[in-house]
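Undergrad: Predicted model follows, preceded by the sequence.
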Amino acid sequence: MNLPAAAPRRAAGEQGVIGAALLASAALVWFATGEWMTLLVFLAGVLALGAIAWVLTRRTAKTPEAELALPDWSVTVAAIDRSDCAVAITDRAGRLVCANPRYESWFGIGHAPPRLPADNASLERLAKAGRAAWRDGKGLADLIEGEAGRWKAQVLRAGRGDDYLVWTITPLSAPDLVAELVPHLDGKLGRALAQAGFSLAIVDPDGLIRAASSGFAARATGDGAAILTGKEFTSLLRQDEADRITWARDGKRGAPLTMFYMPVADPDAAVEPDYDSTPSLIVIADHGVGLGGGASEGAASVPHLEALLGQLPLGLAMADRDGRLLFANNAFMRAAGRDGDPPPIYPTDLVVQEDKGPISDAIRRFAQGPASSGDLAVRLKGQAEDPVTLSLAGVRGLGEAAVLLGLTDNTEETRLKRQVAQATKMQAVGQLAGGVAHDFNNVLTAILGTCDLMLLRHTPGDSDYDDIQQIRANSNRAASLTRQLLAFSRQQTLRPEVLQLPDVVSDISQMLKRLIGEKIQLTVTHDRDLGPVRADPTQLEQVIVNLAVNARDAMLSKGDSGKLAIATRKVTAAQVRGMRNAIMPQVDYTALVVQDTGTGIAPDNLGKIFEPFFTTKEQGKGTGLGLSTVYGIVKQSGGFIFADSEMGKGTTFTVYFPVHHGPVEKSVGTAELAAAAPQSEWSGGGKILLVEDEDMVRAVAERALTRAGFEVTTASDGDEGLEVIESGAPFDLIVSDVVMPAMDGPSMAREVRKLRPSMPILFMSGYAEEQLRKELDLDNVEFLPKPFTVQQICDKVGAVLAGG
């Protein structure tokens, strides 16, 4: 930077003042002392100090620099105020520092990137882009999908200390089909069609030409190089009293033309396009080239137009005024479920009996009067449960053709809808099964407890002893069924570990060989570089065994032998995207595939196989809980299971477990802790508060604990139990149910801990311990699953008191 011009004069003035002050000081010293030596010493000291000051000043003097000002975020906001994209700035703590109005309108200021309102796969891509930007200076998330739309995000590291990330989020616009189509009008396709007698033009909804081929320009104006953009399309044509269309420049003697138009819209768009605002591709065929098959007036040659429509991905067909089908392209027949079959005589042959009349009436209506269009919901033969949309449009000037029919292939959409509906139904059934199992566990607890108390008064040989044992055995069998129901409803207690799926398969391979028998050949294969999964190894073995037993029964019912193949596969996120599955997140998976050569599953039963108590086996040979248990274990482990089957050839079950990317940890549950801890015996005695809303369960537990030497006080719900505690009565332990009317067990426990922080609590419940512990934030809490026996509750209470 350059100093101002007045700076030298100001410096000279300052030096003069300093010199005058120095002379005045020397004169004062002379008059005060009158000694030359003192004056010389004074002057020498001043000069020395001046020299030191001058050196220091020269050493520290620097060219003036602009001071670093604190950031002015208002300036930043003004700089990033863009309407085409959202821009946000975050600091190292992930806080939103500033954002432009477009970001606020799209995502809201309550969401700071990468935590945007998007699906899980998009959030993962945003997080990876943020980490890459902090590490490398920039990052990219190529696809963000949310309810409001689809975007991509670029991330840059910025700031004097690289302390900020700048997120630029731009929308992914729908493909501009018109822009993609315009170059083809005069490309190879346009030139080939022009030689065949077809003229092409793209016309906006307001009737103005947006683009036209050179063949169209040559036929309309006589000059193939003429620019027709912006001209009125109808001004280039004329229509006589017989609705015949000719080129305007040819006058009344012009040859009749055949005109066909179609909207330029994305056939794969999620939302149906607005055809009133969509440009159209108009194809005009010269005399002898369109429909009709001959050179007569008002007719044209069918093969050329069929060749054109046959290449389109849209399902199109044409019918005459009597409802006969003149033409149908491959896409139309494929959408009708007749891929590879020749078109029928009438379009009504494709639908169920009830829809034949409405289609015939619609064709006659659109074939008469002014050209119009509409949609009709119909049911195809073989797919009567899934209605499809048949589009009809009246056309004029196409010879015999009077109605254009459009049918879209909804097979993929229907499959996705069925997947979502099946998942919703299974979730509802699971909730119902969990509730039934919980209530049934209370009944079984009372039955088992009563049996145990009766057995204390009877010895082997008594007349009632065997009957009581039979009741107890059947109760235990019922308890096993409730555990399977809890597994299906994803409410059982799991002990998940991070493990390799091939290791689990290898551990039980020998057992599987004995289980399926020698006549069934077992093959096991594994992919390389499989990712670890997080699951309960014991429950995972149960999944494999259940699937193998199910496959064995299917193969033995078909014959004496078969092949069972078990494989583990690596499934990448890209492969999941290719599956187009609406249920599975697009992440990496490790898959377990169990394939058999059995009888297969009928299509009508394929959607029911995971429902509780559904079985195709003979009566008395299955409970119908094997596959439902598998389904519950897989879903509770965060996985997905699908079945594919073909009658007479076999069934394939594919189980997908998401790859675990976190630290390798082993979950240790109550059972493991109890086994690892040193056992201490309880000498007996103690005051117990028993809180249980079920009278029969409360009575059995009270009698069992009283016989064991405990002093028991009972309460019928959480409110009553809290009143007993508030009364000041001393207790060594609270034994409580979890789900109760009014105040439940966890709520009562929190209130009790406010009064007595060290009070141990033992919960009894038919629900999963894991689910209960997620809802509790209390220490010194134990869990006893229902149903339990007299001995189990006594041992558990003693263990809790001994541990306290």
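TA: Ah, there it is.

Undergrad: For stretch 335-350, give me every contacting residue.
TA: Stretch 335-350 has contacts (CB atoms under 8 Å, 6 or more residues apart in numbering) with 315, 317, 319, 323-325, 327-328, 330, 332-333, 355-356, 359-360, 363, 380-383, 388, 405, 407-410. Using the backbone N, CA and C atoms, a C-beta is placed for each residue, glycine as well.

Undergrad: Quick check: end-to-end length of that stretch?
TA: End-to-end distance for stretch 335-350, by CA to CA, to the nearest Å: 11 Å.

Undergrad: Pull out the buried positions in that stretch.
TA: Applying a neighbour-count criterion of 16 or more other CB atoms under 10 Å, one finds A335, A336, R338, P343, Y346, P347, T348, L350 buried in stretch 335-350.

Undergrad: ok, R92 touching D162?
TA: No - contact between R92 and D162 fails when scored by CB atoms under 8 Å: they sit 9.1 Å apart.

Undergrad: just to revisit the earlier point, pick the one among the buried residues of stretch 335-350 closest to R753.
TA: A335 (64.8 Å; CB to CB).

Undergrad: From V378, how far out is the closest one?
TA: Here the criterion is CB to CB, to the nearest Å. By it, A335 lies 11 Å from V378.

Undergrad: hey, what's in contact with both of the two?
TA: Contacts common to A335 and V378, judged by CB under 8 Å, 6+ apart, are V388.

Undergrad: what's the average pLDDT for stretch 74-85?
TA: Stretch 74-85 carries an average pLDDT of 80.

Undergrad: in that stretch, what's buried?
TA: Taking 16+ other CB under 10 Å as the criterion, stretch 74-85 shows T76, I80, C85 as buried.

Undergrad: now swap in stretch 110-117 and tell me
TA: H111, A112, P113, P114, L116.

Undergrad: Please apply the same query to stretch 567-574.
TA: Buried residues in stretch 567-574, counting neighbours by 16+ other CB under 10 Å, are found at A567, T568, R569, K570, V571, A573.

Undergrad: Report the mean per-residue pLDDT for that stretch.
TA: Here the average pLDDT along stretch 567-574 is 92.

Undergrad: So which residues make contact with that stretch?
TA: Contacts to stretch 567-574, defined as CB under 8 Å, 6+ apart, come from residues 121, 501-502, 505, 524-531, 586-593, 595, 656.

Undergrad: are any of the residues you listed buried, and which?
TA: So, by 16+ other CB under 10 Å, the buried ones in the contacts of stretch 567-574 are 121, 501-502, 505, 526, 530-531, 586-593, 595, 656.

Undergrad: After the one helix or strand in the chain whose mean pLDDT sits lowest, which helix or strand is next?
TA: Among the helices and strands of the chain, helix 670-676 carries the lowest confidence by mean pLDDT, DSSP states H and E, at a mean of 41. Downstream of helix 670-676, the next assigned helix or strand under DSSP states H and E is strand 687-691.

Undergrad: Now do the helices in the stretch 451-600 of the chain.
TA: Taking DSSP state H, counting those that start in this stretch as the criterion, the stretch 451-600 of the chain carries its helices at 465-488, 501-507, 509-516, 537-558, 573-579.

Undergrad: Then the stretch 151-300 of the chain?
TA: 177-185, 188-195, 214-221.

Undergrad: R577 versus the residue most central in space within the chain, what's the distance?
TA: Closest residue to the average C-alpha location of the chain: P585 at 4.5 Å, with CA atoms, centre = their mean. To R577, P585 is 10 Å away according to CB to CB.

Undergrad: Check K188 too.
TA: For K188, the distance to R577 - CB to CB - is 33 Å.

Undergrad: The two: who's more crowded?
TA: More crowded of K188 and R577, by other CB atoms under 10 Å: R577, with 13 against 8.

Undergrad: Chain neighbours aside, what residue packs nearest to the more buried one?
TA: Nearest residue to R577, sequence neighbours excluded (CB to CB, 6 or more residues apart in numbering): Q586, at 5.2 Å.

Undergrad: re the thing from before, okay if I get the helices of the stretch 151-300 of the chain as a markdown table plus mean pLDDT and distance to R157?
TA: Shown next, in a markdown table, are the helices of the stretch 151-300 of the chain (pLDDT from 0 to 100; distance: least, CB to CB, whole Å):
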| stretch | mean pLDDT | distance to R157 |
| --- | --- | --- |
| helix 177-185 | 74 | 35 |
| helix 188-195 | 78 | 47 |
| helix 214-221 | 85 | 52 |
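
Undergrad: Since that was my last question, I'll sign off now.
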